[in-house]
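>>> Have a look at this fold, sequence not included:
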């Protein structure tokens, strides 16, 4: 089989966090449903992938706020995302790790600048601790995904650079220095993910 044939002969399953569920890409009334805990939207990339290739079937199980732990145990009243894949899964896409590191809380602290909150750089120690924990838990998650869907091609995605590093761009209430610091932490996260994926590739090979 060609790589495309191998990846499309079975089921495509989209897993992960808000970057995969489509938070921020709301386009319909249903996308804004407050009862939707996982916040899956009609503009999530899953829909484009599902339409682009002739999969046997497709499934969309990414969930906003997901961590490596909740991918395994479930979130927002839903069961484990891991249990959504099996031997018939031929393609998996996943983004996970940002919530483990707590980036949304870190960014909120930088932007809001509440009197009792710490500055961006003062959060560095906590971020580093959570990064070290992710470096331990992420390989285990990948191993479990591979074991559950041994024939699947797995595409692991990183995260975009959150800030433009230009003062006042898009109304950002944050200094250029803090933007640069946050972008650097995003690069650290992406490098951690890249290294972990490379190691998983070597184990599979």
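The structure has been received and is ready for your questions. If you're wondering where the values come from, they're calculated on a predicted model, not measured in any experiment.
>>> Show me where this structure has its strands.
Under the criterion DSSP state E, strands of the chain are mapped to 11-16, 57-60, 89-95, 153-156.
>>> so where's this structure uncertain?
Under the criterion of pLDDT under 70, the regions of the chain flagged as low confidence span 35, 113-118, 168-172.
>>> Report the contact partners of the residue nearest the centre of the chain.
With distances taken as CA atoms, centre = their mean, residue 95 lies nearest the centre of the chain, 2.6 Å away. The neighbours of residue 95, taking CB atoms under 8 Å, 6 or more residues apart in numbering as the test, are 16-17, 19-20, 62, 156-159. Every residue, glycine included, has its C-beta placed from N, CA and C.
>>> Beta-bridge partners for it, please?
Taking DSSP bridges, one finds residue 16 as the beta-bridge partners of residue 95.
>>> which residues touch the closest residue to residue 56 other than its chain neighbours?
Computed as CB to CB, 6 or more residues apart in numbering, the closest residue to residue 56 that is not its neighbour in sequence is residue 10, at 5.3 Å. Contact criterion CB under 8 Å, 6+ apart gives 55-57, 88-91, 151-152 as the residues in contact with residue 10.
>>> now swap in residue 180 and tell me
By CB under 8 Å, 6+ apart, the residues touching residue 180 are 163, 165.
>>> same thing with residue 134?
Remark: with contacts taken as CB under 8 Å, 6+ apart, residue 134 is in contact with 68, 97, 100-101, 189, 192.
>>> in the protein, which helix has the most residues?
Among all segments of the chain classified by DSSP state H, the helix with the greatest residue count is helix 176-204.
>>> And that one, what's buried?
Neighbour counts over helix 176-204 (16 or more other CB atoms under 10 Å) mark 178-179, 181-183, 185-186, 189-190, 192-193, 196-197, 200 as buried.
>>> That one to strand 89-95, inter-axis angle?
Relative orientation of helix 176-204 versus strand 89-95 (axes from the mean of the first three to the mean of the last three CA atoms, to 10 degrees): 160 degrees.
>>> just to revisit the earlier point, and the contacts of residue 10, which of them are buried?
With neighbours counted using 16+ other CB under 10 Å, those contain these buried positions: 55, 89-91, 152.
>>> Could you list which residues are in contact with residue 92?
Taking CB under 8 Å, 6+ apart as the definition of contact, the neighbours of residue 92 are 12-15, 85, 145, 149, 152-155.
>>> and what of residue 91?
Applying CB under 8 Å, 6+ apart, one finds that residue 91 lies in contact with 7-8, 10-13, 49, 55, 152-155.
>>> One more pass at 6 Å, please.
Contact partners of residue 91, counting by CB atoms under 6 Å, 6 or more residues apart in numbering, are 7, 12, 153.
>>> how much space between it and residue 10?
The span separating residue 91 from residue 10 equals 8 Å under the rule CB to CB, to the nearest Å.
>>> And for residue 197?
Relative to residue 10, residue 197 is positioned 21 Å away (criterion: CB to CB).
>>> Residue 61 now?
From residue 61 to residue 10 the distance is 16 Å (CB to CB).
>>> With residue 3 instead?
From residue 3 over to residue 10 the distance is 14 Å, taken as CB to CB.
>>> cool, and residue 50?
Here residue 50 is placed at a distance of 13 Å from residue 10 (CB to CB).
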